[in-house]
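Chemist: Structure of the sequence below:
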Amino acid sequence: MQALEKTLQVVVFALGDIEFGVDILRVREVERMLPITRVPHVASYVEGVVNLRGRLVPVVDLRTRLGLPPKAPTKAARIIVAQLGERHIGMIVDQVREVARIPVDQIDDNEGVLAGLAAEYVGGLARMDNRVIILLAVQNILSAGAVAAGAVEGPDKQSS
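Modeler: Here you go, the predicted structure:
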């Protein structure tokens, strides 16, 4: 019996005409846009928090975080809820396109290819058909936002 080809399963989404991917193991759920409550004194890319079934989840505008031009959310916009350790963080994206399996030999993550890109945010570049999908290092993109908005998650944690 042959070993299965190693693949990375990613949630592919768009910001404008740029396609990005996030490891599906980090994604907890994808939600339609929800009412966002603003929180003072957080980073400019943190939109606020949403109440997701009783859990307060900080939400980051991924366009702002990545330095892309702002755009008002459309009906296709979604909030991708990612898990970073014990925290859940939402990312506003223009559109979720698909869940894809990408063979690891189609992912380039060497420093030569990533030079000039915001390497701290990019985990690699994936070739899929005639497309290039930017694989995000979610822990780097969201960690500052999680710290800035971390205080809002405290009260809903259950204690024994």
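Chemist: any idea how far P69 lies from I79?
Modeler: From P69 across to I79, the span is 20 Å (Cβ to Cβ, to the nearest Å). (C-beta placed from N, C-alpha, C; glycine too.)
Chemist: Those two - which one has more neighbours?
Modeler: I79 (26 against 8; other Cβ atoms under 10 Å).
Chemist: what helix or strand does the more buried one sit in?
Modeler: strand 78-84 (DSSP states H and E).
Chemist: tell me the mean pLDDT over stretch 35-47?
Modeler: Mean per-residue pLDDT for stretch 35-47: 91.
Chemist: Give the ranges of residues in this protein that sit below the confidence cut-off.
Modeler: Along the chain, the parts satisfying pLDDT under 70 run over 1-5, 110-119, 142-160.
Chemist: which residues in it form helices?
Modeler: Assigned by DSSP state H, the chain shows helices spanning 62-65, 111-114, 138-149.
Chemist: From P58, how far out is L15?
Modeler: Separation of L15 from P58 (Cβ to Cβ): 19 Å.
Chemist: More neighbours: these two, which one.
Modeler: For L15 versus P58, neighbours defined as other Cβ under 10 Å are more numerous around P58 (27 against 19).
Chemist: so that one touches M91, yeah?
Modeler: No: look at P58 against M91 with Cβ atoms under 8 Å: they stay out of range, at 10.1 Å.
Chemist: Done for today, thanks.
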